[in-house]
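Trainee: Build me a model from this:
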Amino acid sequence: MGAGSVPDARETGEAMEGKTPAGETTGRDPRADTTVDIATSAASDEAADLQDLSDYLVGNYRWFHRHPELSYEEVGTTARIRTLLEAHGIEVLDSGLRTGLVAIIRTDAPAPGGRRDNRDNRNNRDGRDTHVDRPVIAIRGDIDALPLDERTGLAYSSENPGVMHACGHDVNLMVALGAAVLLSSRSDELAGDVKVVFQPAEEVRADEEHPTGAVAVRRTGVLDDVRVFLGTHDTDELGVGQIGISSGAVSGAVDKFRIDITGHGTHAAHPDKGVNPVSVAAAIVTALQNLASQEVDPVHPHVLTVTHLEAGDTWNVVPSTAFLEGTVRTADVDDRDRIRQGILRVSELTAQAFGAHADVAWTPSSPSVINDSGLAAAAREVAETSGLLSVASPATLGGEDFSYYLRHDDEWTGAAGLFVHLGAASAEFPPHVIHSPFFAPDPRAIPSGARFLADLSIRVLHDLVGE
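Mentor: Presented below is the predicted three-dimensional model:
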């Protein structure tokens, strides 16, 4: 397939089922499977109709859904994405990532002063423009799956036992890929360059040895010149044709805590001879449930949840130790610190009151995603012209490592960002909570999401040039 061309489903054999994004009935079953081949021949017409694009995106989505891979194991997924991009002549940057990749669509528009020299930077390892002060933005789609056995009954269900796309990252990556295809055919409309991040390992339980995928990508340096990041995630809380756009916090900061309690073991018949860490743990759990309501403004979103308590190994012995752990989710950075300090204080003082000792370990994870208000306003305008219904993003304190692309600290200079929620529920694909073996988004959301991201990228670049 030639550079800048829109795929022709008649050549690839990929067919979309059921209704088109505009709602016209095609008479096909939207839950059926179709054969998908990677396109390698040139499309006959760069202006191929939107139905061809829809067929192409949905057909390839089904391939990714059938072949899910876990965090940092997305080797086949990455290879497939690379092949699809290169079939369109889209450049893949040398990021050094083992899984996941970063592509770039370079502008064909004249540079300031009439020069066209972004093309001179093809040999740059990370695609950074060293010649012209053009804006660079990025689109991000995550690509990893979850360790679940799929129970959707779809004809294109997972063929990888024990692994499933239960969070819709196959939708997210196809929205990003579709946007890349569209932008490559409209590069003369771009006022700067667009990097497209196919990010591994969003679902990983991060540590220094295995950081979350966003951190791994950031550390390559390939995104250091990006001024704006755009991301989407499908949601079953909105219908196909709706898009959730909000300013401010749209996800929760995610933190884990563990409290180790040391008491004094004894026989269960002589509790007076020891200090029961189970009783201490129970008191701490009760105190923690009151803590959040007393420490945080009640109109601020926050959650403190104890999820695991463990002690002893038999019924007639008071153990010497116990531990409990859980999570804190907040939208405000001050609330996050206030709750952390409160957990330390309550745990230590409660344990002391029983004659025991408590050690608190706090493990921070992804910060809250904070959407830029100006980008949100622009996105609402683009949604309207793209035929999508703009609504408020569903409220959530779930974690999202997209926030690392926006983080500003000693390691990285922050960037503006916008993270939106793409409606993917319908009568044929009723809502099921994410991370469920029954989760099945409607793939007909993908084409409209891709067009929205492409249109928004063009708008944002022109806005940056006009600043």
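Trainee: remind me which residues of the stretch 351-467 of the chain are low pLDDT?
Mentor: Low-confidence segments of the stretch 351-467 of the chain (pLDDT under 70): 408-413.
Trainee: Please enumerate the helices of it.
Mentor: Secondary structure of the stretch 351-467 of the chain (DSSP state H, counting those that start in this stretch): helices located at 373-385, 445-465.
Trainee: Show me what the last one is packed against.
Mentor: The one in question is helix 445-465. Contacting helix 445-465 under the criterion 3 or more CB pairs under 8 Å, 6 or more residues apart in numbering; DSSP states H and E are the following elements: helix 50-66, strand 136-142, helix 169-184, strand 228-239, helix 373-385, strand 416-425. In short, each C-beta sits where N, CA and C put it, glycine included.
Trainee: can you rerun that using 6 Å?
Mentor: On a contact count with 3 or more CB pairs under 6 Å, 6 or more residues apart in numbering; DSSP states H and E, helix 445-465 meets helix 50-66, helix 169-184, helix 373-385, strand 416-425.
Trainee: Buried residues, that helix. List them.
Mentor: For helix 445-465, burial by neighbour count (16 or more other CB atoms under 10 Å) applies to 445-462, 464.
Trainee: sec struct for Thr107, please.
Mentor: Following DSSP: H, G, I helix; E, B strand; the rest coil, Thr107 is assigned to coil.
Trainee: one step back: got the helices of the stretch 351-467 of the chain as CSV, with distance to Ala216 columns?
Mentor: Shown next, in CSV, are these (distance: least, CB to CB, whole Å):
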stretch, distance to Ala216
helix 373-385, 25
helix 445-465, 23
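Trainee: for those helices, which one sits closest to His210?
Mentor: helix 445-465 (28.9 Å; CB to CB).
Trainee: Now do the closest one: everything it contacts.
Mentor: 21, 54, 57, 61, 135, 137, 139, 174-175, 178-179, 182-183, 189-192, 194, 228, 232, 240, 378-379, 382, 386, 388, 422, 424 (CB atoms under 6 Å, 6 or more residues apart in numbering).
Trainee: ok, Ile245 touching Ser390?
Mentor: Yes. Contact between Ile245 and Ser390 holds when scored by CB atoms under 6 Å: they sit 5.2 Å apart.
Trainee: Which neighbours do the two have in common?
Mentor: Contacts common to Ile245 and Ser390, judged by CB under 6 Å, 6+ apart, are Arg380.
Trainee: Specify which residue of the two has the higher count of neighbours.
Mentor: Ile245 (24 against 19; other CB atoms under 10 Å).
Trainee: who touches that one in this structure?
Mentor: Ala376, Ala379, Arg380, Ser390, Val420.
Trainee: how far away is the fourth one from Arg407?
Mentor: Going back to what we said before, that points to Ser390. Going from Ser390 to Arg407 by CB to CB, to the nearest Å gives 27 Å.
Trainee: Alright, calling it a day.
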